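**Q** how would this look folded up:
(chains A and B)
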2 protein chains.
Amino acid sequence: MAAQADQASQAFDVVGIGNAIVDVIARCDDALLARLGLDKGHMRLIEEDEIAPLYEAMTSAIEVSGGSAANTMVGLASLGADVAFIGKVADDEFGRIFRHDIRAAGVTFNAPLEAGHEPTARSLIFVTPDGERTMNTFLGISPHLNSGNLDKGLIAAAQIVYLEGYLFDRADARRAFHEAAALAAEGGQAVALSLSDAFCVERHRAAFCELVRDKVDLLFANEEEIMTLYETSDFDAAFARLRAEGTLGAVTRGAKGSLVITPEEVLEIPAEPVARVVDTTGAGDLYAAGFLFGYVKGLPHGQCGRLGALAAAEIISHMGARPETSLLALAREKGLLA
Amino acid sequence: MAAQADQASQAFDVVGIGNAIVDVIARCDDALLARLGLDKGHMRLIEEDEIAPLYEAMTSAIEVSGGSAANTMVGLASLGADVAFIGKVADDEFGRIFRHDIRAAGVTFNAPLEAGHEPTARSLIFVTPDGERTMNTFLGISPHLNSGNLDKGLIAAAQIVYLEGYLFDRADARRAFHEAAALAAEGGQAVALSLSDAFCVERHRAAFCELVRDKVDLLFANEEEIMTLYETSDFDAAFARLRAEGTLGAVTRGAKGSLVITPEEVLEIPAEPVARVVDTTGAGDLYAAGFLFGYVKGLPHGQCGRLGALAAAEIISHMGARPETSLLALAREKGLLA
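**A** Purely as a prediction, here's the structure:
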């Protein structure tokens, strides 16, 4: 674990490392989820030959760039932060869409469109009438992220290195993930981690525990994920573990808001009200964006949490996990930023 | 011009023939339109090498299936009509997206993904804060529609053949267009035409005039288009021409609603109020969908217009030109359909 780096010397507030994914989002009813055997609210990895039958079962969709850490970086950029993203795309239509959108959002993204490999990742996302999203992700080229793809200059230039837990699902990406964390630790930069999904945590619990203990300064998780990580149904026990390891925690709880676990206290942050929950895709990603923005700007933890709640509220009020309006303008309207 | 066919003998209420397009939609300000030299509110054709610089200039986009007549068919299906669409797609990502979405919406679409030709059409659409859309369309494979692509069985099985004016912009498609109109006329089916765009009308005025006079039973246009068609600034003169030719007209007027021009009268239909105009892409297409649904069901002209207004209101309240909710449920809620 590293001390926080000197802010003034850093070209980027945050560099995110994650899967570069285009989301294919359609509405469905609960009966369809049941018929397809999909586990509501979770992310499932699929192979290339599973795309066609699932896509067939979907109603009319929209395509919109996604990816957990990528969404977080776009949210940070929308708040006015200087951010970069590291992830792998192929030389195909979805690769061009992903690269265009993240750059157009103001995020530095230097990855080439790589020809001759697997296609760009896509996630087939079913959104039920309650706004809950159920994801089926074909990772394609994305988890072939390796040491050579880690732009060490970018990582060294960032105040915080933000890592997406989903990267743990494939060996190449997992190695790159560890290497990025080690680089950040060496460079004296802060490391933030998002646990991404309870099943993902379950698949890699020991490795996540070790990483959190040894290298992570700031952990993002929802209730299910943090309890899965520490194999407990007792929040206080989970929080005590986090504190003992010197990690700041931000735990999202859906409509109940979030908890910020500091060494001294547990702050309860209310959810920002929304007129209608349209699509929860990206809620956690955008919470992380708001929180991180406050964190890099040195704001009090409670304000970090409120910025997270605000960004999450914007994203769940429409389809897709990329903000449709300036989060900075929104935060100013709400008096959360000057 | 043909008498209306016997409803009971028709497998489809409407078959639409038009460009098969995927829309790439992003927000922009008026200054960007000016800087790019784009004519606000209109459709401009672009060549393949113009895509990249325009796409570069766009902010983060969403991809959603579009195409004028295709949107109208999807709207009709959403109201519960039996519809089919004829249009050309390539064997590429946008072709797969277009085909998936129109089929998933319940529209019969039998076209193959054609390999080895030009790519699937796309339209880069800039949406300004007032909700107005400015389109830049690369037609790709779409206007290579030819006689061989006209599924004569489909056309013969439809009560109404609906033609998209944009098809006039390329010679192959124009020929197919005339042939489809002739087939419909022979078969005793009704022919409906959408004028699509004032510039498009200007480019092909004589041919459009001839078509309307000889073959069109039902004409959809906005005020600018119908005045351009008849080279007049006098509505009454334009409407008199239409009546003299025995064509029923539905003329949209944006926020002012629409006019239905019958042989006997001009009906003023108010616009359906919307909380906020988000994106006007597809407003005319969906008006046509609502109107046509009433028309094939034999409803009074005023009710046809009100169904058109309702469908248009749904589409302008969100991004993209495909309905996000069941138009049938919406029409029932409003008491317009039983």
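**Q** what's the closest non-adjacent residue to residue A:266?
**A** residue A:259 (5.5 Å; Cβ to Cβ, 6 or more residues apart in numbering or on different chains). Using the backbone N, CA and C atoms, a C-beta is placed for each residue, glycine as well.
**Q** likewise residue A:263?
**A** Distances taken as Cβ to Cβ, 6+ apart put residue A:243 closest to residue A:263, at 5.7 Å, once the chain neighbours are dropped.
**Q** hmm, the one you found is touching residue A:261, no?
**A** Yes: applying Cβ atoms under 8 Å as the test, residue A:243 and residue A:261 come out as touching, 6.7 Å apart.
**Q** about what we covered before: mind listing what's buried along the helix or strand encompassing the residue nearest to residue A:263?
**A** Per DSSP states H and E, residue A:243 falls inside helix A:235-244. Buried residues in helix A:235-244, defined by neighbour count with 16 or more other Cβ atoms under 10 Å in any protein chain shown: A:235, A:238, A:239, A:241, A:242, A:243.
**Q** surely the fourth one meets residue A:230?
**A** Meaning residue A:241. Yes: with contacts counted by Cβ under 8 Å, residue A:241 reaches residue A:230, the gap being 5.1 Å.
**Q** ok, back up a step: and the residue nearest to residue A:263, how close does it get to residue A:302?
**A** Separation of residue A:243 from residue A:302 (Cβ to Cβ, to the nearest Å): 17 Å.
**Q** and whichever residue of the stretch 101-250 of chain A sits closest to chain B, what pLDDT?
**A** Of all residues in the stretch 101-250 of chain A, residue A:101 sits closest to chain B, at 4.3 Å by Cβ to the nearest Cβ. The score at residue A:101 is 98. That number is its pLDDT.
**Q** let me have the buried residues of helix A:235-244 in JSON lines, adding distance to residue B:222 and pLDDT as columns.
**A** Formatted as JSON lines, these follow (distance: Cβ to Cβ, whole Å; pLDDT from 0 to 100):
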{"residue": "A:235", "distance to residue B:222": "59", "pLDDT": "90"}
{"residue": "A:238", "distance to residue B:222": "61", "pLDDT": "93"}
{"residue": "A:239", "distance to residue B:222": "61", "pLDDT": "93"}
{"residue": "A:241", "distance to residue B:222": "64", "pLDDT": "92"}
{"residue": "A:242", "distance to residue B:222": "61", "pLDDT": "92"}
{"residue": "A:243", "distance to residue B:222": "64", "pLDDT": "91"}
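**Q** you'd agree residue A:246 is up against residue A:263?
**A** Yes: taking contacts as Cβ under 8 Å, residue A:246 lies within contact range of residue A:263: 7.2 Å.
**Q** tell me where the stretch 101-250 of chain A has strands.
**A** A:113-114, A:121-127, A:133-138, A:158-164, A:190-194, A:218-222, A:248-252 (DSSP state E, counting those that start in this stretch).
**Q** of those, which is nearest residue B:77?
**A** strand A:121-127 (20.3 Å; Cβ to Cβ).
**Q** and the closest one, what's buried?
**A** Buried residues in strand A:121-127 (16+ other Cβ under 10 Å): A:121, A:122, A:123, A:124, A:125, A:126, A:127.
**Q** which positions in chain A make contact with chain B?
**A** With Cβ under 8 Å from any Cβ of the partner chain as the criterion, chain A comes near chain B at residues A:26-27, A:55-56, A:58-65, A:74, A:92-94, A:97, A:100-102, A:104-105, A:319-320, A:322, A:324.
**Q** and the buried ones among these, selectable in ChimeraX?
**A** To isolate the buried members of the residues of chain A next to chain B in ChimeraX, using 16+ other Cβ under 10 Å:
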select /A:26,27,55,58,59,60,61,62,63,64,65,74,92,93,94,97,100,101,102,104,105,319,320,322,324
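**Q** give me the subset of the residues of chain A next to chain B lying in strands.
**A** A:26, A:27, A:62, A:63, A:64, A:65 (DSSP state E).
**Q** between these, which sits nearest chain B?
**A** Using Cβ to the nearest Cβ, these come closest to chain B at residue A:63, 3.8 Å.
**Q** pLDDT score for the closest residue to residue A:89 other than its chain neighbours?
**A** Excluding the flanking residues, the one nearest residue A:89 by Cβ to Cβ, 6+ apart is residue A:95, at 3.7 Å. Residue A:95 is assigned a predicted lDDT (pLDDT) of 98.
**Q** shouldn't residue A:95 be in contact with residue A:111?
**A** No: between residue A:95 and residue A:111 there is no contact under Cβ under 8 Å: 9.1 Å.
**Q** next, show the common contact partners of the two.
**A** Counting by Cβ atoms under 8 Å, 6 or more residues apart in numbering or on different chains, the shared contacts of residue A:95 and residue A:111 are A:20, A:89.
**Q** which one's more surrounded, the two?
**A** residue A:95 (25 against 18; other Cβ atoms under 10 Å in any protein chain shown).
**Q** against residue A:14, how distant is the more buried one?
**A** 23 Å.
**Q** got it, and residue A:178?
**A** 19 Å.
**Q** try residue A:53
**A** The value you get for residue A:53 to residue A:14, if Cβ to Cβ is used, is 38 Å.
**Q** do residue A:209 as well
**A** To residue A:14, residue A:209 is 24 Å away according to Cβ to Cβ.
**Q** just want to know which of those two has more residues nearby.
**A** Each of residue A:209 and residue A:14 has its neighbours counted (other Cβ under 10 Å); residue A:14 has more, 30 against 16.
**Q** my understanding was that that one contacts residue A:74; is that so?
**A** No: taking contacts as Cβ under 8 Å, residue A:14 lies outside contact range of residue A:74: 11.4 Å.
**Q** what's the nearest residue to residue A:283 once chain neighbours are set aside in contact with, if anything?
**A** For residue A:283, ignoring the flanking residues on the chain, the nearest one in space by Cβ to Cβ, 6+ apart is residue A:312 at 4.7 Å. By Cβ under 8 Å, 6+ apart, the residues touching residue A:312 are A:252, A:271, A:272, A:283, A:284, A:286, A:287, A:290.
**Q** would you check that the first one makes contact with residue A:260?
**A** No: with contact defined as Cβ under 8 Å, residue A:252 does not count as touching residue A:260 (10.4 Å).
**Q** which of these two has more neighbours?
**A** residue A:252 (25 against 21).
**Q** if I look at the more buried one, how far off is chain B?
**A** Remark: distance between residue A:252 and chain B (Cβ to the nearest Cβ, to the nearest Å) = 24 Å.
**Q** where do the helices of the stretch 1-150 of chain A begin and end?
**A** A:30-36, A:51-57, A:68-79, A:93-104 (DSSP state H, counting those that start in this stretch).
**Q** pull out the buried positions in the first one.
**A** For helix A:30-36, the buried set under the neighbour-count rule, 16+ other Cβ under 10 Å, comprises A:32, A:33.
**Q** where does pLDDT dip in the stretch 201-338 of chain A?
**A** Scanning the stretch 201-338 of chain A for pLDDT under 70 picks out nothing.
**Q** now do 90
**A** Scanning the stretch 201-338 of chain A for pLDDT under 90 picks out A:246, A:263-264, A:276, A:318-319, A:324.
**Q** how about it: which residue is closest to chain B?
**A** For the stretch 201-338 of chain A, Cβ to the nearest Cβ, closest residue to chain B: residue A:322, 5.7 Å.
**Q** for that residue, give me its contacts.
**A** By Cβ under 8 Å, 6+ apart, the contact list for residue A:322 reads A:64, A:65, A:66, A:71, A:74, A:101, A:105, A:282, A:315, B:60.
**Q** between which two of these is the distance greatest?
**A** Greatest spatial distance among these (Cβ to Cβ): A:101 and A:315, at 14.8 Å.
**Q** surely residue A:114 and residue A:91 touch.
**A** Yes: if you go by Cβ under 8 Å, residue A:114 and residue A:91 touch, sitting 6.1 Å apart.
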